[in-house]
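Undergrad: sequence isn't available, so here's the structure alone:
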């Protein structure tokens, strides 16, 4: 089947919206799903397996109904029996549930988690609060001898003759 017939049949879209993100229609659906914040390559792969989709098919070839199904899997992975290890918020502190969050919900959850760590005065919370005041303090144990010197000049300066 030629591309022209396929475009007429399925209405190829050059730009489409998946999970609060605009995606180019030429992108394979496996990569297009990963553009959404909170969806990793493994999670995108699981979505295509559950819905029995071709992972290499272009995103613009999918109908609006199929895209809504993909978004439903992103928001409710428990309903589609995806394994718990693939979720990004397991054993939540507030209710102990395994959840998966995307886009703005994920940002909000992360902000609340950091705020909770600061309030509890944990070491990680302390490091996060030090980083907010303009100091370049790493919060997750990164090494700082050779990296993280943004804005500082490094190197040998020769004396002028």
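TA: The structure has been received and is ready for your questions. In this text, all values refer to a predicted model and were calculated from it rather than measured experimentally.
Undergrad: next, the distance between the ends of stretch 70-89.
TA: 19 Å (C-alpha to C-alpha, to the nearest Å).
Undergrad: from residue 23, how far out is the closest residue to residue 59 other than its chain neighbours?
TA: Counting by C-beta to C-beta, 6 or more residues apart in numbering, the nearest residue to residue 59 once its immediate chain neighbours are dropped is residue 32, at 4.0 Å. Glycine gets a C-beta too; all of them are placed from N, C-alpha and C. According to C-beta to C-beta, to the nearest Å, residue 32 and residue 23 sit 4 Å apart.
Undergrad: overlap of the contact sets of the two?
TA: Counting by C-beta atoms under 8 Å, 6 or more residues apart in numbering, the common neighbours of residue 32 and residue 23 are residue 59.
Undergrad: tell me where the protein has helices.
TA: 3-10, 29-34, 41-50, 64-75, 103-120, 123-132 (DSSP state H).
Undergrad: in the fifth one, which of the residues would be classed as buried?
TA: Along helix 103-120, these residues count as buried under the neighbour rule (16 or more other C-beta atoms under 10 Å): 103, 105, 106, 109, 113, 114, 117, 118.
Undergrad: and the angle from it to helix 123-132?
TA: 110 degrees (axes from the mean of the first three to the mean of the last three C-alpha atoms, to 10 degrees).
Undergrad: give me the contacts around helix 103-120.
TA: Under C-beta under 8 Å, 6+ apart, the answer for helix 103-120 is 19-21, 36-38, 88-89, 93, 101, 124-126, 128-129.
Undergrad: could you give the mean pLDDT of it?
TA: The average pLDDT within helix 103-120 is 86.
Undergrad: returning to that earlier point: looking at the buried residues of helix 103-120, which is nearest residue 156?
TA: Comparing these against residue 156 with C-beta to C-beta picks out residue 114 as the nearest, at 38.9 Å.
Undergrad: against residue 64, how distant is the closest one?
TA: For residue 114 relative to residue 64 (C-beta to C-beta), the value is 36 Å.
Undergrad: my guess is residue 90 contacts residue 98. True?
TA: Yes: using C-beta atoms under 8 Å, residue 90 makes contact with residue 98 at a distance of 4.9 Å.
Undergrad: quick one: low-confidence parts of this structure?
TA: 1-10, 132-139, 147-155 (pLDDT under 70).
Undergrad: nothing else from me, thank you.
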